[in-house]
Each structure stands twice: as C-alpha cells, then as structure tokens.
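The following comprises the amino acid sequence and a computationally predicted model.
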Amino acid sequence: MRISKGALLVVIAVLIPFIVEFRTALSWFGIEISVLESLVLGAVVVLAIVIWAVWPPNGDAEAEPTGSS
C-alpha cells in the first residue's frame with residue numbers, strides 16, 4: 001500500500017464533508033446536483049483513492065513481497 005490503512009481512513013473521512021460542501025459551492029454558481037449524484041461522485045472519488053492506495057508505487061506487483069509465505 002502507498003499509505004497506511006489509518007491514513008487512508010482519515011483521507012476518506014475528510015473527503016465526506018468536502019463532497020457535501022462541494023455540492024453547496026456548486027449551487028452558488030447555479031449548478032444543482034441531486035443527493036444521489038453527489039453520492040455517486042463521492043463513491044467514484046473514494047474508489048479512485050482506494051485503487052491508488054493499493055496500487056504498487058512503481059506499477060510492478062512483483063516488486064513488493066506479499067508476506068504470505
């Protein structure tokens with residue numbers, strides 16, 4: 001993993017209010033998104049961060065030992 005599990009949890013926890021406030025900020029510019037759309041946006045962003053976090057840093061899965069032996 002690129003970051004620790006605890007740090008990943010903190011990033012996701014901070015992201016939740018950010019998504020809610022992003023919806024509010026968009027409404028100032030006349031862009032209305034529904035609650036469902038903001039949930040989908042949040043899920044996509046969280047999924048992207050989790051994929052980034054578990055992806056090996058150099059892109060080579062064989063470079064890191066898995067520790068399963």
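Thanks, I have the structure now.

where does this protein have low pLDDT?
Residues of the chain that meet the criterion pLDDT under 70 lie in 59-69.

Tell me which residue is most central in it.
Taking CA atoms, centre = their mean, the centroid of the chain lies closest to V46, which sits 2.6 Å from it.

Please identify which helix or strand holds that residue.
V46 is located in helix 35-54, with elements delineated by DSSP states H and E.

What lies in contact with that helix?
1-3, 8, 11-12, 15-16, 19-20, 22-23, 33 (CB atoms under 8 Å, 6 or more residues apart in numbering). In short, each C-beta sits where N, CA and C put it, glycine included.

cool, and stretch 4-14?
Stretch 4-14 has contacts (CB under 8 Å, 6+ apart) with 1, 3, 46, 49-50, 53.

Buried residues, that stretch. List them.
L8 (16 or more other CB atoms under 10 Å).

Next, the buried residues of the helix holding V46.
Buried residues in helix 35-54, counting neighbours by 16+ other CB under 10 Å, are found at 38, 42, 46, 53.

could you dump the contacts of stretch 4-14 to CSV with distance to W28?
Formatted as CSV, the contacts of stretch 4-14 follow (distance: CB to CB, whole Å):
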residue, distance to W28
M1, 37
I3, 33
V46, 24
I49, 26
V50, 30
A53, 32
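
Give me the angle between the lengthiest helix in the chain and helix 35-54.
The longest helix of the chain (DSSP state H) is helix 5-28. With axes from the mean of the first three to the mean of the last three CA atoms, to 10 degrees defining the directions, helix 5-28 sits at 150 degrees from helix 35-54.
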